[in-house]
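*Asks:* can you look at this prediction? I've put the sequence above it.
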Amino acid sequence: MKRFRRIALSLMLAIALMAVLAVPVAADNPTVSITVTAEVVSITNTMDTWAIGVVAVDDVVYFSATGAQDDDYSTITNTGSVAVDVEIQGTDFEGGDYDWTLAASPGDQTYSLYANNTTGGPNYAIEVKSSAYNDLVTNLAVDGTYDWSMKFTAPTAFNSSDDGNEKSATVTLVASKHV
């Protein structure tokens, strides 16, 4: 019986030892932290209306609080997540009996519109066209701002039959990812 006890005790000790060794040990599990930002192209502009008022032939009016030259009247802000290029385009004036055409130079029933370019000093060198977009600012950084304005030149002649009613046009700013 002693021998049986010794064998039984040895057997139980071996089983207990195997059970302890069979328990899995927790391993270190490495992790990878991932972050991502969506590519968002977005801008805002501080001024969204321009009420020029009554103009005479060849009048020049600036996009400003007073109508006088103000090269940084409005501010474009890049509110997206990537650097952007901003382009500008205008439309013809419509309303009343006769529309006014947007062109590089004023003429009979034709007006011109230019945006300022602060590169190398303020000047109104960016033609606002109705047929195509022109660059207004390139590579505007995230959270970056660009101060700008416009110069309107009235037609050199109005049609004598025009009723003098209000005309309206729009200027569109379009942002795209800078490449």
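*Replies:* Nice, I can see it.

*Asks:* where are the low-confidence patches of this protein?
*Replies:* The model of the chain has pLDDT under 70 over residues 1-14, 16-25, 119-122.

*Asks:* again, 80 this time
*Replies:* For the chain, the stretches flagged by pLDDT under 80 are 1-27, 70-71, 117-122, 160-161, 163.

*Asks:* let me see the contact set for the residue nearest the centre of it.
*Replies:* Nearest to the geometric centre of the chain sits residue 43, at 2.6 Å (C-alpha atoms, centre = their mean). Applying C-beta atoms under 8 Å, 6 or more residues apart in numbering to residue 43 gives the contacts 76-80, 84, 86, 140, 173, 175. The way it works is simple: take the backbone N, C-alpha and C, and place the C-beta from them, glycine included.

*Asks:* name the nearest residue to it, ignoring sequence neighbours.
*Replies:* Leaving aside its sequence neighbours, residue 43 sits nearest to residue 175 (C-beta to C-beta, 6 or more residues apart in numbering; 4.4 Å).

*Asks:* and the contacts of residue 43, which are buried?
*Replies:* 76-78, 80, 84, 86, 140, 173, 175 (16 or more other C-beta atoms under 10 Å).

*Asks:* what's the most distant pair in those residues?
*Replies:* The two members of the buried ones among the contacts of residue 43 with the most space between them (C-beta to C-beta) are 80 and 173, at 13.3 Å.

*Asks:* could you pull out the strands for this structure?
*Replies:* Using DSSP state E, the strands assigned to the chain run over residues 43-45, 60-62, 74-78, 84-90, 101-102, 110-117, 123-127, 134-140, 145-148, 150-153, 171-177.

*Asks:* and those strands as JSON lines, adding distance to residue 163?
*Replies:* As requested, those are exported to JSON lines (distance: least, C-beta to C-beta, whole Å):
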{"stretch": "strand 43-45", "distance to residue 163": "32"}
{"stretch": "strand 60-62", "distance to residue 163": "21"}
{"stretch": "strand 74-78", "distance to residue 163": "31"}
{"stretch": "strand 84-90", "distance to residue 163": "23"}
{"stretch": "strand 101-102", "distance to residue 163": "18"}
{"stretch": "strand 110-117", "distance to residue 163": "17"}
{"stretch": "strand 123-127", "distance to residue 163": "29"}
{"stretch": "strand 134-140", "distance to residue 163": "32"}
{"stretch": "strand 145-148", "distance to residue 163": "33"}
{"stretch": "strand 150-153", "distance to residue 163": "21"}
{"stretch": "strand 171-177", "distance to residue 163": "25"}
